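> Just to be clear, the model below is a prediction. Sequence and coordinates:
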Amino acid sequence: ACGCIIKLRPSTHFSRFQSSKNTIRSAIMHRINTGKWPSGSAKSRQRHWLCNLKRQVKAHLTEEWKNGLIAAFRFSIINDFVNGIMLDHGEKERLLREKCDRKWVIPHSDKTSISRGTIQRWIKLYEESGNNLESLYPRGRNDRGKQRALDEETCLGLVRLREEMPDVTVPFIIKTMKKRDVVRRKTYLIAFIDDHSRLIPYGQFYTSENVQSFMHAFEQALLRRGMPRKLYVDNGSAYRSQQLMHTAPLALP
């Protein structure tokens, strides 16, 4: 005998899964309906089933299908608030707490919980659009490509305030920071000075030293004192841009 072992997969099982299709299906449906995994199998194995299912769905669905699935899920969350049935304040609060406390299987997301603010935002979007389901489609971030992390100075300010007020809430700390003007953004001074008279035609602080900031300051200086005979700058990228070269021929005869 060659010693070769051939394993055959039953038709009731998925490829690379030891559990049957019915077992996997019932476990995932139990997770969707109750927010909890059923007992009987290891949670890590059941999470693996769900992750694998998500990967397969992502591989086959188009962007439009993806947006539709996400919008349908969001509508299922807010349906109790927008279905035309009048709810008193206490009932709305109870529903909000229940939805925020529950664990969800969110389409195309690794998150399992939804915040109160998110639910309220979905309700507002849906109602302001005239009950249009497309208003619940996901949107890209409008600050994509911009720095969203806190700088070192802001972090130190947060730490100092937390040490001063260890028992207060985070919103209160943020409000206090604004009052104390603790939150500061790094700024750059862009200014022009006449080499002969030491006159400063224009200067301003900007949150970035990019081409747009430099060109704005340069334009304001020109409006106040006219075109210079020469402009001395360093080798920064903003000063070597094609936009500056085409805007102002500075080496005048």
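Arrived safely.
> low-scoring stretches of the stretch 1-150 of the chain, by residue?
Across the stretch 1-150 of the chain, the ranges flagged by pLDDT under 70 are 1-17, 56-62, 140-150.
> Now do the helices in it.
Applying DSSP state H, counting those that start in this stretch to the stretch 1-150 of the chain gives helices spanning 21-34, 43-60, 63-82, 89-101, 116-128.
> Please export the C-alpha coordinates of stretch 72-85 as CSV.
Provided in CSV are the C-alpha atoms of stretch 72-85 (Å, rounded to 0.1, in the frame of the first residue of the first chain):
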residue,chain,number,x,y,z
ALA,A,72,-30.6,48.4,4.9
PHE,A,73,-28.9,47.6,8.2
ARG,A,74,-28.9,51.2,9.3
PHE,A,75,-32.6,51.5,8.5
SER,A,76,-33.3,48.4,10.6
ILE,A,77,-31.7,50.2,13.5
ILE,A,78,-33.7,53.4,13.2
ASN,A,79,-37.0,51.8,12.0
ASP,A,80,-38.6,52.0,15.4
PHE,A,81,-38.0,55.8,15.4
VAL,A,82,-39.1,56.7,11.8
ASN,A,83,-42.0,54.3,11.1
GLY,A,84,-44.7,56.9,11.9
ILE,A,85,-45.6,55.6,15.3
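> For it, which outside residues touch it?
87, 92, 95, 99, 104, 106-107, 114, 119, 122-123, 126-127, 131, 133, 136 (C-beta atoms under 8 Å, 6 or more residues apart in numbering). Any C-beta I mention is one placed from the backbone N, CA and C, and that applies to glycine too.
> swap the cut-off to 7 Å and go again
92, 95, 99, 106-107, 114, 119, 122-123, 126-127, 133, 136 (C-beta atoms under 7 Å, 6 or more residues apart in numbering).
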